[in-house]
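1. using only what follows, build the 3D model:
(2 chains)
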Amino acid sequence: MIEPRTLKGFRDHLPAQALARERILDVARRVYRSYGFAPIDTPALEYLEILTGKGSEETDKQLYRFTDHGGRQVGMRFDLTVPFARFCAQHIATLGTPFKRYHMATVWRGENTQRGRYREFMQCDFDTIGTTSPVADLEMVLVVHDLLRAIGIERFTICVNDRRVLGGVLEVLGLTGRSTEVLRSLDKLGKATPEAVAEELGGHGLPSEAVGRLLGMAQLAGPAADVLAKIEPLVAGSATGQAGVAALRALMAGATAAGVPGERLAVDPSIARGLDYYTGIVLETFLDELPTLGSICSGGRYDNLAGLYTKQALPGVGASLGIDRLLAGLEELGRLSAVETPADVFLVFFDETRLADYLRIAAALRAAGMAVEFFPEAKRVGQQLKIAAKRGVPAALLVGSDEFVAGTAQFKHLATQQSTTIDWHGDLNVLVDAVHSLIVSH
RNA sequence: GUGGCUAUAGCUCAGUUGGUUAGAGCACUAGAUUGUGAUUCUAGGGGUCGCGGGUUCGAGUCCCGUUAGCCACCCCA
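-> This is a model prediction of the structure:
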């Protein structure tokens, strides 16, 4: 016997989890479309050269790569942004700009696993490319906000920053060009103590005064307007830094105008994002009840998405929902439903001689838009009801020999065990309408 | 990729300084109840103790390796 098992970091999805996943995917699709983002898809496998050298060397290490049967060096996509860059280089001429797309697909990363971190997971990206308009930046925040609310999450914080703010501070301090290492160290705030981060920055050879100012900036918190007011003097004299502060200010104003509550949107100067290609606004989203889970929705603005593949400059802005991490979080919070079936009604197979009648009833209910599970065996009624209840079907429809004679049916809510008798006199339309209204009413 | 913790039935866990046929609750199957599930009773199935070596008269228990999960680093969804 071969031991049934799955690879490290790769998972099966049982119905309860798969249903939750599909529900979130449906919501994301609906929200993205509501802003006019159009769906695209790209291959899971790309030429290796397309994928390497785009992100950091870290992403190159995490890439699943192999030689295909034709001797080609290929890799599996580790995000949806790089394939999108290639996609744009090939197709932007026919698509035109600005172009808005969403892409929900599986990606693979050969890194070590942890809670909410898998080797195979799904991302739900949306991007607007071909425009530098701050409206697109604002829309990104609005989409993230709408999305989480539509999923049913109320307590979350979208943390925004602008890469140019840190760039400006470094410029003022005479440390231009040191941004990568500084970003990485500052990003540890929240996990490591400020002292440890200060020590690490000092280890990079930064003067202690600079370390103090960087830490002071990164630890700013509170209402966005206050944070921005405190950042402003730190970037005095740097056009770049001032542009960043202005962009954040405009973003906050726009979000407020669009109805995003202030407590869900924060300016957090320590948000850096590891990916090198971000150049403007960056964003990370955390569940208030589970901040250690990490960001469940991240993104930002980039100057030139496809510079490696085309001469046409394609600025853009976009973000990605990490649905698998979010699901891990919702599960931990006990927010996932245990229902294992999409069925609305469980039709009990009562009387074997009435099979044709059951098939007719099931067909009529389905035609009216209801999901019907008709049990395939004329087993004991108690057992059928037990199975239905265990799977979480909301209601059962029982039509036995006596009911057929009387022209009735029993509609039973499985959670409450309450039965309602339906008089349908053999008229399927009456039965369907009755079942439909009983389902809706509960 | 590096380090730490963990691994016993489908699930949650007992298992005493190594000592006979490894237990419990829940779940599952069948019956009591030939047409109504979460209660009750009865019976039953299910574990090569993650896997592979070693020490020992004897290993679920000790040692080494390995795989997987969790945690930290790194990075990130």
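
2. spatially central residue in chain A, please.
-> Geometric centre of chain A, nearest residue: A:Leu321, 2.5 Å, by C-alpha atoms, centre = their mean.

3. three-state assignment of that residue?
-> Secondary structure assignment for A:Leu321 (DSSP: H, G, I helix; E, B strand; the rest coil): strand.

4. please report the distance of it from A:Thr176.
-> A:Leu321 sits 34 Å away from A:Thr176, going by C-beta to C-beta, to the nearest Å. (C-beta placed from N, C-alpha, C; glycine too.)

5. over to A:Gly407?
-> On the measure of C-beta to C-beta, A:Gly407 and A:Thr176 end up 85 Å apart.

6. okay, now the nearest residue to A:Gly400 once chain neighbours are set aside: neighbour count?
-> Closest residue to A:Gly400 apart from its sequence neighbours, by C-beta to C-beta, 6 or more residues apart in numbering: A:Phe350 at 4.1 Å. For A:Phe350, the neighbour count with other C-beta atoms under 10 Å is 23.

7. quick check: phi and psi on A:Phe350?
-> phi -90, psi -60 (degrees, to the nearest 10).

8. surely it and A:Leu397 touch.
-> No. The criterion here is C-beta atoms under 8 Å, and A:Phe350 misses it with A:Leu397 at 10.0 Å.

9. didn't the residue nearest to the centre of chain A look like it was pressed against A:Val31?
-> No. Contact criterion C-beta under 8 Å: A:Leu321 and A:Val31 do not qualify, at 9.5 Å.

10. spit out the residues that contact these two alike.
-> Residues touching both A:Leu321 and A:Val31 (C-beta atoms under 8 Å, 6 or more residues apart in numbering) are A:Leu147.

11. near RNA strand B, which residues of the stretch 1-150 of chain A?
-> Within the stretch 1-150 of chain A, the residues that sit near RNA strand B (C-beta under 7 Å from any atom of the strand) are A:7-9, A:55-56, A:58-59, A:79, A:109, A:111-119, A:121, A:123.

12. swap the cut-off to 6 Å and go again
-> Residues of the stretch 1-150 of chain A lying close to RNA strand B by C-beta under 6 Å from any atom of the strand are A:7-9, A:56, A:58, A:109, A:112-118, A:121, A:123.

13. which of those residues are buried?
-> A:Gly9, A:Arg109, A:Gly116, A:Arg117, A:Tyr118, A:Phe121, A:Gln123 (16 or more other C-beta atoms under 10 Å).

14. quick one: which two of those residues are the most distant?
-> Spatially, the most separated pair among those is A:Gly9 and A:Gln123, at 15.3 Å (C-beta to C-beta).

15. distance of A:Arg33 relative to RNA strand B?
-> Separation of A:Arg33 from RNA strand B (C-beta to the nearest atom of the strand, to the nearest Å): 21 Å.

16. same check, this time on A:Ile281
-> 14 Å.

17. got the phi and psi for that residue?
-> phi -60, psi 130.

18. do A:Phe346 as well
-> Reported as degrees, to the nearest 10, the phi and psi values for A:Phe346 are phi -110, psi 120.

19. now do the contacts for it.
-> Applying C-beta under 8 Å, 6+ apart, the residues near A:Phe346 are A:Val372, A:Glu373, A:Phe375, A:Gln384, A:Leu385, A:Ala388, A:Val393, A:Ala395, A:Ala396, A:Leu397, A:Leu414.

20. want to throw those into JSON lines with secondary structure, neighbour count and pLDDT?
-> Listed next are these as JSON lines, based on DSSP: H, G, I helix; E, B strand; the rest coil; neighbours: other C-beta atoms under 10 Å; pLDDT from 0 to 100:
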{"residue": "A:Val372", "secondary structure": "strand", "neighbour count": "20", "pLDDT": "94"}
{"residue": "A:Glu373", "secondary structure": "strand", "neighbour count": "18", "pLDDT": "92"}
{"residue": "A:Phe375", "secondary structure": "coil", "neighbour count": "19", "pLDDT": "90"}
{"residue": "A:Gln384", "secondary structure": "helix", "neighbour count": "20", "pLDDT": "89"}
{"residue": "A:Leu385", "secondary structure": "helix", "neighbour count": "19", "pLDDT": "90"}
{"residue": "A:Ala388", "secondary structure": "helix", "neighbour count": "23", "pLDDT": "90"}
{"residue": "A:Val393", "secondary structure": "coil", "neighbour count": "24", "pLDDT": "91"}
{"residue": "A:Ala395", "secondary structure": "strand", "neighbour count": "22", "pLDDT": "93"}
{"residue": "A:Ala396", "secondary structure": "strand", "neighbour count": "22", "pLDDT": "93"}
{"residue": "A:Leu397", "secondary structure": "strand", "neighbour count": "26", "pLDDT": "94"}
{"residue": "A:Leu414", "secondary structure": "coil", "neighbour count": "18", "pLDDT": "88"}
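
21. kind regards, and thank you for your time.
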